[in-house]
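> Predicted model and sequence follow; I will ask about them next.
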Amino acid sequence: MIAYSSALSQEKRRGFLDPRTKLALVLVLAVFVMGGLGGSQMKSIKIILSVLPFLLLLIERQWKRFGRGVIMLAVGYGLLIAMPYLPGLLNFIALMCGGILTRFAVTVVMGGYLIGTTSVSEFISAVERLHIPQAITIPMSVMFRMFPTIGAEWKSIRRAMGMRGIRLGGVRAGEVVEYQLVPMITSTVRIGEDLSAAALTRGLGAPIKRTNICRIGFRVQDLILLIICLAVVVMWILELCRVALW
């Protein structure tokens, strides 16, 4: 009964945004924040975009992902702040690592939000409505199940080896590669094969149209975020036109 109630509450949380809205946000963040499109002219817009994934994580109560994202950004900006005070090679390393973290962290957080709050059925239903080819849909559907499964497998291996003292900083830290990383690589290959077989068993590659019982659709919050994404693209185009005219 407890497990059933937990599943219901988790399914309820997943319904806040339509998967297509999440995909649009990932694309916009990847292009404008991580890719740096628009340059310094759109700096204020990028700041607003960078806040959105963290706000969504708070709404969905994804505390761990929110904390990891904040730490990544804090480390990145900390390196950039400390950069002028570091000599030579350390200055370059701080600039490179800080720039990568501050750009990648926001998109990584949004990607984690997409994977953590979207079921495979919702994702498949969304991409089918977008008329995306199966050659793209099937691998992406497998990825949606693969990352969480690999994470759970890694935690299980670490716990099992930790009880035997095989961990970084432990008595047998030198055996971490042999007893943690090698089993993890083997498990990853096996998980990928099992999920690919499961996808084919479910008929994802069948030529006929599949039925889907999950319900997706745009609501007010989806329309607001999609309008924001569209406005960012329009502003970028207008900025290009202004520069071209001058």
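Structure's in. What do you need? Numbers count the residues shown, from 1 in each chain.

> any idea how far residue 46 is from residue 236?
Using C-beta to C-beta, to the nearest Å, residue 46 is found at 11 Å from residue 236. The C-beta positions use only the backbone N, C-alpha and C, and glycine is treated the same way.

> Report the set of residues contacting both of the two.
Any residue near both residue 46 and residue 236 by C-beta atoms under 8 Å, 6 or more residues apart in numbering counts here, and that gives 32, 38.

> Those two - which one has more neighbours?
Looking at residue 46 and residue 236 with other C-beta atoms under 10 Å, you find the greater number of neighbours at residue 46, namely 21 against 18.

> how about that one, secondary structure?
In the three-state summary, residue 46 is assigned as helix, counting by DSSP: H, G, I helix; E, B strand; the rest coil.

> so what's the backbone phi/psi at the nearest residue to it once chain neighbours are set aside?
Setting aside the residues directly before and after it, residue 46 is nearest to residue 33 in space (C-beta to C-beta, 6 or more residues apart in numbering), at 5.3 Å. The main-chain torsion angles of residue 33 are listed as degrees, to the nearest 10 and equal phi -90, psi -60.

> now residue 37
Its backbone dihedrals place residue 37 at phi -70, psi 140, with angles given as degrees, to the nearest 10.

> My guess is it contacts residue 237. True?
No - counting by C-beta atoms under 8 Å, no contact exists between residue 37 and residue 237, whose distance comes to 11.2 Å.

> So which of the two has more stuff around it?
The residue with more neighbours, out of residue 37 and residue 237, is residue 37; 15 against 10, by other C-beta under 10 Å.

> Now that one: closest residue in space that isn't a chain neighbour?
The spatially closest residue to residue 37, leaving aside those adjacent along the chain, is residue 31, at 5.2 Å (C-beta to C-beta, 6+ apart).

> same check, this time on residue 73
If the residues on either side of it in the chain are set aside, residue 73 comes closest to residue 105, at 5.0 Å by C-beta to C-beta, 6+ apart.

> what does residue 158 give?
residue 180 (6.5 Å).

> who's in contact with that neighbour?
For residue 180, the set of contacting residues under the criterion of C-beta under 8 Å, 6+ apart consists of 157-158, 161, 166-167.

> Take these and lay them out in CSV including secondary structure and neighbour count.
Written out in CSV, the entries for these read as follows (DSSP: H, G, I helix; E, B strand; the rest coil; neighbours: other C-beta atoms under 10 Å):
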residue, secondary structure, neighbour count
157, helix, 18
158, helix, 16
161, helix, 19
166, coil, 20
167, coil, 18
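
> Give me the most central residue, this protein.
residue 111 (1.6 Å; C-alpha atoms, centre = their mean).

> Packing partners of the helix or strand that contains it?
Under the criterion of DSSP states H and E, residue 111 resides in helix 88-116. Contact here means 3 or more C-beta pairs under 8 Å, 6 or more residues apart in numbering; DSSP states H and E; on that basis helix 88-116 packs against helix 19-28, helix 43-59, helix 63-82, helix 134-162.

> Any stretches of this protein with poor pLDDT?
Judged against pLDDT under 70, the low-scoring parts of the chain cover residues 1-15, 167-174, 202-210, 212.
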